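S.K.: any chance you can model this:
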Amino acid sequence: MSQSWIRSDNEVLATLQDVVAIESINADLPGGARGEIGMVKYLADFFDAVGILYETDEVLPGRSNIIATLEGENLDRVLLFECHMDTASVSVMTIPPYEPHIRDGLLYGRGACDTKAGGVAMIHAMKRLKESGVKPPCTIKYAGAVDEEYRFRGALRLAETIRAEAAVISEPTELAVIRAHKGLARFQLIVKGVAAHSAKPYLGINAISKMTRLIRAIEDEIAPNYAAQTHPLTGSPTLNIGVISGGVQVNFVPDQCVIEIDRRVIPGETPEETLVPFQERLARAQAADPDLDVTMETPYLMDNPMETPEAERVVQVAVSACESVIGAAEITGVPYGTDASKFTSVGIPAIVFGPGSIDQAHAAVEWVECEQVLKAVDIYHQMMTRF
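M.R.: As a prediction, this is how the structure comes out:
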């Protein structure tokens, strides 16, 4: 089958085109039949070609992290560069997802922005360092992680097994240094009703009607309290009721209704404590309505927020590198979550940094600005040589 896209003459951009052309949808998402297998093979070949040692670690059946190591002058100090290899689904895309065309300085395709651009910049910064023959002050590790787009299990394994002084996590930050982001709690509420024929609805208990009252109570009584809580870098907490399901057919009184809630957690909160207002509100609702049978399920995903002090060396080195390469540095926070919180949760200071904008991540038309990718290589290289 002929290739429809033209490979760039720039080796960094050509590598990015290569990996965007690899389908690596998370295996737990629609279309993710192969997971990250193709990415691991490509990265292994890349490190073999440049003489950088690597190992793989199977996190899930058939899904492995890959960790490359470039020894520094001080073997006891490690700076970790981490990037997830999986992508979101391509089902919403309106462009060919695996044809990485470059037009008007933009490189297109699924994963171009989130976050293969950052990963390619990291490995090329390592390649440049290796080829220079100069040992960095500390040992540099690169980790390609699985499963960021679903349950962060690759990063969780890394945080358990890698000893590092600090970590740099690739995400599309438009070359801003991110030192804080939100966490989350995701959980279900289940209302049980009593089925009946719709001709005699009074013989049943309508689970959907009961749930609508709870939704109104959550939105009117819990959500407004979040405005009084704020963090200078991440803003206020939020909640979103993103899924609702219930009923079997229109002429049945529905005997069950389920909603899924996404509660974003700011630094200073824990995911566990954010559940309390929901538990208390449901208890009051049940006390007021003996026919209400509602269960709050144990959260199926919880993630801590992340905040690294500005004085930490990894933040300051990143700022210095940005100032050297692009003339300025922005330190800020973001409202989404990343792999970084897995490392800060075990005491490893971390920042999030990379080319591209989060606005293009998961989008119908995903792209990354080529110039940012090239600058990211220079900035990552500076971080490696200055830490």
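
S.K.: SS state for A27?
M.R.: coil (DSSP: H, G, I helix; E, B strand; the rest coil).

S.K.: give the contact list for it.
M.R.: The neighbourhood of A27, defined by C-beta atoms under 8 Å, 6 or more residues apart in numbering, consists of A33, R34, G35, E36, L60, G62, R63, D86. In short, each C-beta sits where N, CA and C put it, glycine included.

S.K.: what residues are up against the most centrally placed residue in the chain?
M.R.: Computing the C-alpha centroid of the chain and ranking residues by C-alpha atoms, centre = their mean puts T338 first, at 3.9 Å. Neighbouring residues of T338 by C-beta under 8 Å, 6+ apart: E148, I169, E171, I178, H181, M306, V352.

S.K.: swap in A88?
M.R.: Counted by C-beta under 8 Å, 6+ apart, A88 has contacts I25, N26, L29, R110, D114, E149, A361, H362.

S.K.: can I get those residues in CSV with neighbour count and distance to T212?
M.R.: Listed next are the contacts of A88 as CSV, based on neighbours: other C-beta atoms under 10 Å; distance: C-beta to C-beta, whole Å:
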residue, neighbour count, distance to T212
I25, 23, 35
N26, 23, 33
L29, 16, 30
R110, 27, 37
D114, 27, 35
E149, 21, 32
A361, 19, 33
H362, 16, 29
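
S.K.: nearest to V50, of the residues you listed?
M.R.: D114 (25.1 Å; C-beta to C-beta).

S.K.: a strand runs through that closest one, doesn't it?
M.R.: No. Assessed with three-state DSSP, D114 is helix; it does not lie in a strand.

S.K.: residue ranges of the helices in this protein, please?
M.R.: 11-20, 37-50, 117-132, 153-161, 207-217, 276-288, 313-326, 340-344, 370-386 (DSSP state H).

S.K.: how about stretch 200-219: buried residues?
M.R.: G204, I205, N206, A207, I208, K210, M211, T212, L214, I218 (16 or more other C-beta atoms under 10 Å).

S.K.: one more: stretch 233-250?
M.R.: L233, T234, G235, P237, L239, I241, G246, G247.

S.K.: reformat those as JSON lines; add pLDDT.
M.R.: Below are the buried residues of stretch 233-250 laid out as JSON lines (pLDDT from 0 to 100):
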{"residue": "L233", "pLDDT": "97"}
{"residue": "T234", "pLDDT": "97"}
{"residue": "G235", "pLDDT": "97"}
{"residue": "P237", "pLDDT": "98"}
{"residue": "L239", "pLDDT": "97"}
{"residue": "I241", "pLDDT": "97"}
{"residue": "G246", "pLDDT": "97"}
{"residue": "G247", "pLDDT": "95"}
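
S.K.: nearest to Q316 among those?
M.R.: Distances from Q316 to those, taken by C-beta to C-beta, are shortest for L233, at 16.5 Å.

S.K.: how about that closest one, what does it touch?
M.R.: R179, A180, P267, E307, T332, G333.

S.K.: gap between it and M306?
M.R.: 10 Å (C-beta to C-beta, to the nearest Å).

S.K.: quick check: phi and psi at the residue nearest to the centre of the chain.
M.R.: The phi/psi pair for T338 (degrees, to the nearest 10) reads phi -140, psi 180.

S.K.: quick check: pLDDT value at it.
M.R.: pLDDT, T338: 97.

S.K.: how near is it to M211?
M.R.: Taken as C-beta to C-beta, the span from T338 to M211 is 32 Å.

S.K.: F252 too?
M.R.: 15 Å.

S.K.: residue ranges with poor pLDDT in the stretch 1-150 of the chain?
M.R.: 1-2 (pLDDT under 70).

S.K.: brilliant, that's me finished.
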